[in-house]
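Enquirer: sequence first, predicted model second:
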Amino acid sequence: MAFTQQDAPWWTSTVVYQIYPRSFQDSDGDGIGDLRGVLQRVDHLAELGVGVVWLSPIFRSPQDDNGYDISDYQDVDPLFGTLADLDQVIAALHERGIKVVMDLVVNHTSDEHPWFVESRSSKDSPKRDWYWWRPAREGMPTGAPGAEPSNWGSFFSGPAWELDPTTGEYYLHLFSRRQPDLNWENPEVRDAVFAMMRWWLDRGVDGFRMDVVNLLSKAVRTDGSLPDGIAHDGRLGDGSPHYTSGPRIHEFLAQMHREVFAGRPGAFLTVGEMPGVTVQDARLFTDPARAEVDMVFQFEHVGLDHGPGGKFDPRPLRLTELKASLGRWQAGLADVGWNSLYWDNHDQPRIVSRWGDDGVYRRESATMLATVLHLHRGTPYVYQGEELGMTNAQHLTAAEHYRDIETVRHLAEARAFRAEADLLAAYGAMGRDNARTPVQWDASAHAGFTTGQPWLPVNPNHVELNAAAQRADPRSVFHHYRRLIALRRDEPAVAHGDFTMLLPDDEAVYAFTRRLDDVELLVLGNFTGEEQLALVDPVWTDAQVLLGNYDEPVVETPVRLRPWEALVVRRTR
């Protein structure tokens, strides 16, 4: 079912802002961002005009994976403050008309969570079946290479099974060995998670962004074993066909909606982060009639510049491939469901460095990329600092500079067969630390982020690239984002119009239209540092310019686009 302008949910006309608290604002000088720091910057969010804040995990955690390893779902980690601090943040945002979405990480917990501590204590533990425990492969001695219950590899390198000496069995961890996977086949696990979610809604949060939520259901054989994946190189196999959008995932999410959200007064948002999800799956996940999740985060477009060796084997982006990917998702969810729109988040490098020009044309390319993204049909997400055009961390140049567990573990394995200079270049382009350098608030020492020593060094370009300077410049990236967000709110065709891709074979110009009733918008973006011609319908010459990133934009036939120029024009048919 497709939303009409009249029945569309509130979240179709808003923009979500992601806060990665560790790097947002430090209030106490310990070099780590915290909740009281968020309180100091709520007016920045209000001025930007966003309608939702998504908080990356602030739960109690050993911080093995920067908070995505949770040891207590119902408490705040002292690094970030207290529950009382969080209550103040929620209240302050609500006062400004901004909803709050929490990060729900329930594919796995920390190995320090009391559930897992109890589960690993003995084979007879009442919580033993809350996690995936299995003996060694039949016919192989426990602990021998290849004796793991299946050959699945972990997302963070190495096997996805860890031998626990206490009971002599292995537990499954699709991510770090300190992030054991919960067994969602067990109804007690589901009940505990749903009770926790209701507790947060009672506390005032407005929904959840659900981390890798389509990995909850694993394909279990009748004998309880988990099947091997195809091994392309070495003994580790690709287990993803057996846990990506697995056999019971729709059942689990429908139950979650019934038991947590159904019948509860309020306006909520549920977003499923779903690696490997297909358009066909997404239609099911986001169909309002099925009541599972409101929208999904998919990864197809952000994998287009990955080479045969994965993300740390980057290749140049082909614009035609980006159009084909995003266009397929626009068409696939046109009559049912909804898209999430994003370039940046805590797992992705900075888009202006990745697909733009972070040098001479940083402002132009940052604003062009924002315009093209936000004018698609779907709900846009802004990751902290993206509204400033923050760039990749060009000051992280040595192995010891990196903090992210994915990069550190990849380096430990890959340096045996790849030159370190090559690896460092790949991390500089694609590593997750690029997104995690502190937000650049002003030109002072440490960019106004902290009075202490930041946990990750501030990008040296903060002297000229910062929020204070941009707030004073009406042509800045910040003010362009404000205009984009206002346009989605004020022009119904942006949120609710049909989408039609133009110039699908053009490798330089991204072009499409949005149409609602008799209003039609043309969106153009030049993805190069050279002037380009956009060969579109000449009727647009008399159209009204709604938004551009150059002074005195010109609509002619054909449209002549300056380097990295963006243009949005409107006509009534």
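Expert: Great, that's in hand.
Enquirer: list the contacts for the most centrally placed residue in the chain?
Expert: The centroid of the chain falls nearest to N345 when counting by CA atoms, centre = their mean (4.5 Å). The neighbourhood of N345, defined by CB atoms under 8 Å, 6 or more residues apart in numbering, consists of Q18, Y381, Y383, A435. The C-beta positions use only the backbone N, C-alpha and C, and glycine is treated the same way.
Enquirer: how about 6 Å then?
Expert: By CB atoms under 6 Å, 6 or more residues apart in numbering, N345 lies in contact with Q18, Y383.
Enquirer: looking at this, F499 is in a helix?
Expert: No: under DSSP: H, G, I helix; E, B strand; the rest coil, F499 falls outside any helix and is assigned strand.
Enquirer: from T572, how far off is it?
Expert: 19 Å (CB to CB, to the nearest Å).
Enquirer: more neighbours: these two, which one.
Expert: Neighbour comparison, F499 and T572: the larger count goes to F499, with 21 against 9 (by other CB atoms under 10 Å).
Enquirer: could you measure from the more buried one over to D28?
Expert: For F499, the distance to D28 - CB to CB - is 46 Å.
Enquirer: likewise for D77?
Expert: From D77 over to D28 (counting by CB to CB), the distance is 14 Å.
Enquirer: chain center to stretch 375-395: distance?
Expert: 11 Å (CA atoms, centre = their mean, to the nearest Å).
Enquirer: residues contacting that stretch, please?
Expert: 11, 15-19, 24, 48, 330, 339-342, 344-345, 349-350, 352-353, 358, 362, 366, 374, 433-434, 437, 439, 459-460, 467, 470, 477-478, 481, 499, 523.
Enquirer: in helices, which of those appear?
Expert: Judged by DSSP state H, the contacts of stretch 375-395 include L48, Q330, V352, S353, R362, A366, H374, A467, Q470, V477, F478, Y481 as members of helices.
Enquirer: burial of H44, as a residue count?
Expert: Residues near H44, counting by other CB under 10 Å: 19.
Enquirer: start the count at 36 instead of 1 going forward.
Expert: Will do, 36 is the new start, and the previous item becomes H79.
Enquirer: confirm that it sits in a strand.
Expert: No: counting by three-state DSSP, H79 is not part of a strand but helix.
Enquirer: now it: closest residue in space that isn't a chain neighbour?
Expert: Among residues not flanking H79 along the chain, A502 sits closest, at 6.8 Å (CB to CB, 6 or more residues apart in numbering).
Enquirer: quickly note the distance from the one you found to W168.
Expert: Taking CB to CB, one finds A502 at 49 Å from W168.
Enquirer: could you do V529 as well?
Expert: The value you get for V529 to W168, if CB to CB is used, is 50 Å.
Enquirer: quick one, which of those two is more surrounded?
Expert: Per other CB under 10 Å, whichever of V529 and W168 has more neighbours is V529, with 24 against 21.
Enquirer: could you look up the SS state of the more buried one?
Expert: If you use three-state DSSP, then V529 falls in the helix class.
Enquirer: please apply the same query to R213.
Expert: From three-state DSSP, the assignment for R213 is coil.
Enquirer: likewise F229?
Expert: helix.
Enquirer: now do the contacts for it.
Expert: E294, V295.
Enquirer: got any ranges where the chain has weak pLDDT?
Expert: 36-37, 268 (pLDDT under 70).
Enquirer: redo that, cut-off 80
Expert: 36-41, 267-270, 429, 431-435, 437-440 (pLDDT under 80).
Enquirer: sec struct for the residue of it positioned farthest from its centre, please.
Expert: Of all residues in the chain, G174 has its C-alpha farthest from the mean position, at 42.1 Å, by CA atoms, centre = their mean. Following three-state DSSP, we place G174 in the coil state.
Enquirer: state the phi and psi torsions of it.
Expert: phi 90, psi 0 (degrees, to the nearest 10).
Enquirer: which residues touch it?
Expert: Here G174 is in contact with no residues (criterion: CB under 6 Å, 6+ apart).
Enquirer: let's see 10 Å
Expert: If you count contacts by CB atoms under 10 Å, 6 or more residues apart in numbering, G174 has them with A182.
Enquirer: that one and D329, how far apart?
Expert: Separation of G174 from D329 (CB to CB): 47 Å.
Enquirer: which SS state does the closest residue to N101 other than its chain neighbours fall under?
Expert: Here the nearest residue to N101 in space, its sequence neighbours aside, is R57; by CB to CB, 6+ apart that works out to 6.3 Å. In the three-state summary, R57 is assigned as helix, counting by three-state DSSP.
Enquirer: cool, A289 as well?
Expert: Going by three-state DSSP: A289 is helix.
Enquirer: now it: closest residue in space, sequence neighbours ignored.
Expert: Nearest to A289 is E327, by CB to CB, 6+ apart, at 5.5 Å.
Enquirer: please identify which helix or strand holds that neighbour.
Expert: Per DSSP states H and E: E327 is located in neither a helix nor a strand.
Enquirer: so who does it touch?
Expert: 248, 284-292, 305, 307, 319-321, 372.
Enquirer: most surrounded residue in those?
Expert: V248 (29 neighbours).
Enquirer: now the ones in helices among the contacts of stretch 410-430 as a markdown table including distance to S275 and neighbour count?
Expert: As requested, these are exported to a markdown table (distance: CB to CB, whole Å; neighbours: other CB atoms under 10 Å):
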| residue | distance to S275 | neighbour count |
| --- | --- | --- |
| L83 | 37 | 19 |
| Q365 | 25 | 21 |
| V387 | 31 | 30 |
| S388 | 29 | 22 |
| R397 | 36 | 21 |
| A401 | 33 | 31 |
| H409 | 31 | 23 |
| A502 | 40 | 23 |
| Q505 | 41 | 21 |
| V512 | 37 | 25 |
| F513 | 39 | 22 |
| Y516 | 35 | 27 |
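Enquirer: widest-spaced pair of these?
Expert: Q365 and A502 (32.1 Å; CB to CB).
Enquirer: hang on, G66 packs against F484?
Expert: Yes: contact criterion CB atoms under 10 Å: G66 and F484 qualify, at 8.6 Å.
Enquirer: got any residues that touch both of these two?
Expert: P473, W490, L491.
Enquirer: out of the residues you listed, which end up buried?
Expert: P473, W490, L491 (16 or more other CB atoms under 10 Å).
Enquirer: helix or strand for the second one, which one?
Expert: Secondary structure from DSSP H and E places W490 outside every helix and strand.
Enquirer: pretty sure it contacts R471?
Expert: Yes: counting by CB under 10 Å, W490 does reach R471; the two are 8.9 Å apart.
Enquirer: joint contacts of the two?
Expert: By the contact definition CB under 10 Å, 6+ apart, W490 and R471 are jointly contacted by R57, S58, N101, R438.
Enquirer: who touches stretch 338-348?
Expert: 310-311, 334, 337, 349-354, 356-357, 359-361, 382-384, 389-390, 441-442, 445-446, 449, 453, 457-458, 460-462, 464-467.
Enquirer: can you select the buried ones among the residues you listed for me in PyMOL?
Expert: Buried residues within the contacts of stretch 338-348, by 16+ other CB under 10 Å, are selected in PyMOL with:
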select buried, resi 310+311+334+337+349+354+357+359+360+361+382+383+384+389+390+441+442+445+446+449+453+458+461+462+464+465+466+467
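Enquirer: which ones among the contacts of stretch 338-348 lie within strands?
Expert: P349 (DSSP state E).
Enquirer: stretch 158-168: end-to-end distance?
Expert: End-to-end span of stretch 158-168 (CA to CA, to the nearest Å): 9 Å.
Enquirer: just how off-centre is that stretch within its chain?
Expert: So, by CA atoms, centre = their mean, the centroid of stretch 158-168 is 32 Å from its chain's centroid.
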